[in-house]
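3D, please:
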Amino acid sequence: TISQHQAVNVNVNALHANCNFSDAQSAHGSKSTFELLTAIGVFSSCRLPFLIRNAEYFLDLSYKTLGHGITNAVMKHTFFRHFCAGEDR
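Take a look at the predicted model:
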C-alpha cells in the first residue's frame with residue numbers, strides 16, 4: 001500500500017502535469033478580475049520591507065482605529081484567503 005504522503009505527491013504531480021503556467025488563461029482562467037487584483041495587492045504589499053517589519057504595529061493600529069470586526073474581515077478576505085487553504089471550525 002502507498003502512504004498518505006505518497007498519495008499526496010501523486011496528486012500534486014498530476015496537478016502539475018495539467019497546469020500550463022505559460023498560458024495565462026490556463027493558469028488563471030478560473031479567477032475573477034477582482035481575485036487577481038486582490039492577489040496583486042497582497043503580493044505587492046508583501047514586497048514592502050517597511051510594511052513587513054512593522055506589520056504587527058499596523059495590525060494593532062487597525063484594531064484600534066477600525067475595530068476587530070473590520071480588520072479581521074479585511075485580513076480574512078485578503079491575506080488569509082490568499083495564503084491559507086481554509087479554516088477549522
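
in the protein, where is pLDDT below threshold?
1-21, 24, 26-28 (pLDDT under 70).

repeat that for 80
Along the chain, segments meeting pLDDT under 80 span 1-30, 85-89.

tell me which stretches of it form helices.
4-18, 24-28, 33-46, 49-53, 55-66, 68-75, 81-83 (DSSP state H).

for the fourth one, which positions count as buried?
By neighbour count on 16 or more other Cβ atoms under 10 Å, the buried set for helix 49-53 is empty. Using the backbone N, CA and C atoms, a C-beta is placed for each residue, glycine as well.

ok, the shortest one next?
Residues of helix 81-83 classed as buried by neighbour count (16+ other Cβ under 10 Å): Arg81.

just give the nearest non-adjacent residue to Ile52, would you?
Among residues not flanking Ile52 along the chain, Cys46 sits closest, at 6.8 Å (Cβ to Cβ, 6 or more residues apart in numbering).

can you get me a residue count around that neighbour?
When neighbours are counted by other Cβ atoms under 10 Å, Cys46 registers 14.

how far does stretch 73-87 stretch from one end to the other?
End-to-end distance of stretch 73-87 (Cα to Cα, to the nearest Å): 14 Å.

could you do stretch 68-83 as well?
20 Å.

same check, this time on stretch 38-58
End-to-end span of stretch 38-58 (Cα to Cα): 19 Å.

other residues contacting that stretch?
Residues outside stretch 38-58 that contact it (Cβ atoms under 8 Å, 6 or more residues apart in numbering): 31, 77-79, 81-83.

before I go, just wanted to say thanks for your time.
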